[in-house]
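1. below is the sequence, then the predicted model.
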Amino acid sequence: MATAEPKTQTGQLETWQGDVEALRGLVSERAMTGETMLLNMGPHHPSTHGVLRLLLELDGEEIVTCLPDVGFLHTGIEKNIEAKTYEKAVTLTDRMDYLSPMSNNMAFCLAVEKLVDLDVPERAQVIRVMCLELARVASHLVWLGTHALDMGAMSVFLYAFREREKILEMFESISGQRMMGSYIRPGGVWRDLTPDFLPSVERFLSEFPAIIGDYEALLTKNPIWLDRTQGIGVIEPEEALDLGMSGPSLRGSGVNWDIRKAMPYSGYEQYEFTVPLGEHGDVYDRFLIRIQEMRESLKIIRQAIDRLPDGPFRSNNRKFVPPPRSELGQSMEAVIHHFKLWTEGFSAPDEEVYVSIESPRGEIGCYLHGTGGNKPRRVHFKTPSFMHISALGKICQQYLIADVVAIIGSVDIVLGDCDR
Amino acid sequence: MEIAKALNPEQALRDAHPAALVGVKTFRDELTLVIDPAHIVTVAEFMRNTPGLLFNYLSDISAVDYYPEDTRPGRFGISYHIYSMLYNRRIRLKVFLQDEEPTVDTVTGVWSAANWLEREIYDMMGITFTGHPDLRRLLMPEDWDGHPHRRDYPLGYETVQFSFNAEDIMKHKPFAKE
């Protein structure tokens, strides 16, 4: 095969001379002399799960340095929230981790509720748990499909998205939107469950365990899958903690930390479920954990349906929660509250709170600082994808370039979540 | 292995580094220890390594800009949310920094997780972390002018200029000044 490289007059191969000098200190000295190769992976690479650019320094096929470059999806969500009232900001949080918008809503709403000391009725808490667990399953299904697709197992992707669609239809039925529902609001949820929601959840609960079995039949003992995942991307527990990893990626290394157990919110302490743990901290263990987590989520949803109490789905505190539409025709007070809340919004004290929840990817923390007025002074989201991408450089070292794809898939990143 | 009894973080810090602790605040059961910025690394190491404290997990570092208020000790606040896996509790360390060239020492040596969190703050708030191994812009483009999360950074529009705020607005304009 003829080579296509341009040749200089002296017959030497002309190599690309970019601004390598700017990378001094970040890549090894060998890259400076051209001994190792610098390669851009992304931002348009299909296996980077969004617009992530990795600058790889390669010695043959081996990764010497991996420098993640993010920010391509930065949309200034945190800055924008500073100009919105608390209730209106909820819609922006949907757009961060677009594979599980419910978790973002939840983190933000919990922070607001903590800041203004707002109660959440029992029924709303149970509905929230149901939605969060459905969102976890939906998010893990996207992860499973794309992770397997990255490594060449294409059919899993189609099966996983088929099931995810069912969950999105349930979300559509309660919130009117498949993905960006903004269903969880400060003080409870937007509306009560629709009549067709619970039957469709029941149907899903009865069908889905067998379908997880199908996924496992395709992958868990598949020799190609084992070859590609076992012993790849190993993270020691101490290292994972030091790097700030969380969620299934941390538990894959055997660290038993699940915020639903450690610092329960929304009544998670009343549910029985186990937290699956890995042993080796490799890609395969993280895969097994997420599969197992889907089964545990089903258990939680089952218990939530059984315990779902009657009662209000949103707090009755009219100073923070708008009155229902039906009251507006009869009560002058309701009209005033409605008007005040949809124009000015409610005020929160000039204090700071930090709340974290267990999202499908790990710890989503919401730092919220009020001003005493109706808009926040500062919102900061600590997102799991952000921490996991920052850890990629450490995890990828010494593995082959083909393994990078497996490792990115196994820590389950969403770039909207990272860049915000 | 015997597990050391959990210590009260405030009391422990007061005993070990009395000069570092500037203030204590509790709001909605969240303990905030206000730290003198000069001592932040000492305090971070103390919190991470002392038996009975062992805050071995850095959850988050958030920066907040208090512009234009001047009721607080400094214009910028940085909150370190640290968590102890063993004792299952979280506290907040807080430092206040002045308006002119806000600088604080990096805690990347204590928790590696601080690396990107501090880079983000450098990018968004313009706070410099001395000793940081790789302090470059993270989310914004390299050649970006200004730090978007500062409260005096306009949000898509320009503040209307009156005689009382003209000077302040001109100060933050990007064009060359004489």
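-> Great, that's in hand.
2. okay, and the helix or strand of chain A with the least pLDDT?
-> helix A:29-32 (a mean of 77; mean pLDDT, DSSP states H and E).
3. for that one, buried residues please.
-> By neighbour count on 16 or more other CB atoms under 10 Å in any protein chain shown, the buried set for helix A:29-32 is A:Ala31. Backbone N, C-alpha and C define where each C-beta goes, glycine included.
4. and the residue of the stretch 101-250 of chain A found nearest chain B, what's its pLDDT?
-> Nearest to chain B, among the residues of the stretch 101-250 of chain A, is A:Gly244, at 2.7 Å (CB to the nearest CB). With respect to pLDDT, A:Gly244 scores 90.
5. what does A:Gln17 give?
-> Note on A:Gln17: pLDDT of 56.
6. about what we covered before: give the contact list for the residue of the stretch 101-250 of chain A closest to chain B.
-> A:387, A:390-391, B:57-59, B:111-113, B:117 (CB atoms under 8 Å, 6 or more residues apart in numbering or on different chains).
7. sheet partners, orientation included, of the helix or strand following the least confident helix or strand of chain A?
-> Heading C-terminal from helix A:29-32, the first helix or strand you meet, by DSSP states H and E, is strand A:37-41. Its sheet considered, strand A:37-41 pairs with strand A:53-59 (antiparallel) by DSSP bridges.
8. just checking, what packs against the helix or strand just after the strand it pairs with?
-> Sequence-wise, the next helix or strand downstream of strand A:53-59 (DSSP H and E) is strand A:62-69. Applying 3 or more CB pairs under 8 Å, 6 or more residues apart in numbering or on different chains; DSSP states H and E, one finds that strand A:62-69 contacts helix A:29-32, strand A:53-59, helix A:384-396, helix A:401-411.
9. among those, which comes closest to B:Phe162?
-> helix A:384-396 (39.8 Å; CB to CB).
10. name the helices or strands packed onto the closest one?
-> The contact analysis (3+ CB pairs under 8 Å, 6+ apart) places helix A:384-396 against strand A:62-69, helix A:401-411, helix A:415-419, helix B:114-125.
11. for the residue of chain B found nearest chain A, what are its contacts?
-> Relative to chain A, the nearest point of chain B is B:Ala113 (2.7 Å; CB to the nearest CB). For B:Ala113, the contact set (CB under 8 Å, 6+ apart) comprises A:242-244, A:387, A:390, B:57-58.
12. can you tell me the helix or strand for the nearest residue to it once chain neighbours are set aside?
-> Leaving aside its sequence neighbours, B:Ala113 sits nearest to A:Gly244 (CB to CB, 6 or more residues apart in numbering or on different chains; 2.7 Å). Assigned by DSSP H and E, A:Gly244 falls within no helix or strand.
13. if I look at A:Gly244, how far off is B:Val107?
-> 12 Å (CB to CB, to the nearest Å).
14. re earlier: and the helices and strands packed on strand A:62-69, which one is worst for confidence?
-> Across the helices and strands packed on strand A:62-69, helix A:29-32 gives the lowest mean pLDDT, at a mean of 77.
15. I'd like the distance from that helix to the chain centre, please.
-> 36 Å (CA atoms, centre = their mean, to the nearest Å).
16. try stretch A:82-97
-> 16 Å.
17. quick one: end-to-end distance for it.
-> End-to-end distance of stretch A:82-97 (CA to CA, to the nearest Å): 19 Å.
18. pull out the buried residues from it.
-> The neighbour-count check on stretch A:82-97 (16+ other CB under 10 Å) flags A:82, A:84-87, A:89-90, A:92-97 as buried.
19. over to stretch B:135-152?
-> By 16+ other CB under 10 Å, the buried positions in stretch B:135-152 come out as B:135, B:137-140, B:147-151.
20. which outside residues touch that stretch?
-> By CB under 8 Å, 6+ apart, stretch B:135-152 touches A:70-71, A:74, A:76, A:78-79, A:82, A:377-378, A:419-420, B:63, B:65-68, B:116, B:118-120, B:122-126, B:128-129, B:153, B:168, B:172, B:174.
21. tell me, what residue is most central in chain B?
-> B:Ile78 (1.8 Å; CA atoms, centre = their mean).
22. confirm that one sits in a strand?
-> Yes. The assignment for B:Ile78 by DSSP: H, G, I helix; E, B strand; the rest coil puts it in a strand.
23. so what's it bridging to?
-> B:Ala63, B:Val95.
24. same question, the one 5 residues further on
-> Taking DSSP bridges as the rule, B:Tyr83 bridges to B:Tyr57, B:Arg90.
25. residues contacting it?
-> B:Tyr83 sits in contact with B:55-59, B:89-90, where contact means CB under 8 Å, 6+ apart.
26. same thing with A:Arg228?
-> So A:Arg228 contacts A:151, A:283, A:402-403, A:406 (CB under 8 Å, 6+ apart).
27. so it belongs to a helix, correct?
-> Yes. Per three-state DSSP, A:Arg228 lies within a helix segment.
28. quick one: which helix or strand includes A:Gly145?
-> Going by DSSP H and E, A:Gly145 is in helix A:122-150.
29. okay, buried residues for the following helix or strand past that helix please.
-> Downstream of helix A:122-150, the first helix or strand assigned by DSSP H and E is helix A:154-175. Neighbour-count burial for helix A:154-175 flags A:156-157, A:159-160, A:163-164, A:166-168, A:170-171, A:174-175 (criterion: 16+ other CB under 10 Å).
30. is stretch A:89-108 anywhere near chain B?
-> No. Applying CB under 8 Å from any CB of the partner chain, one finds stretch A:89-108 separated from chain B by no less than 11.6 Å.
31. what bits of chain B have low per-residue confidence?
-> Scanning chain B for pLDDT under 70 picks out B:1, B:156-158, B:174-178.
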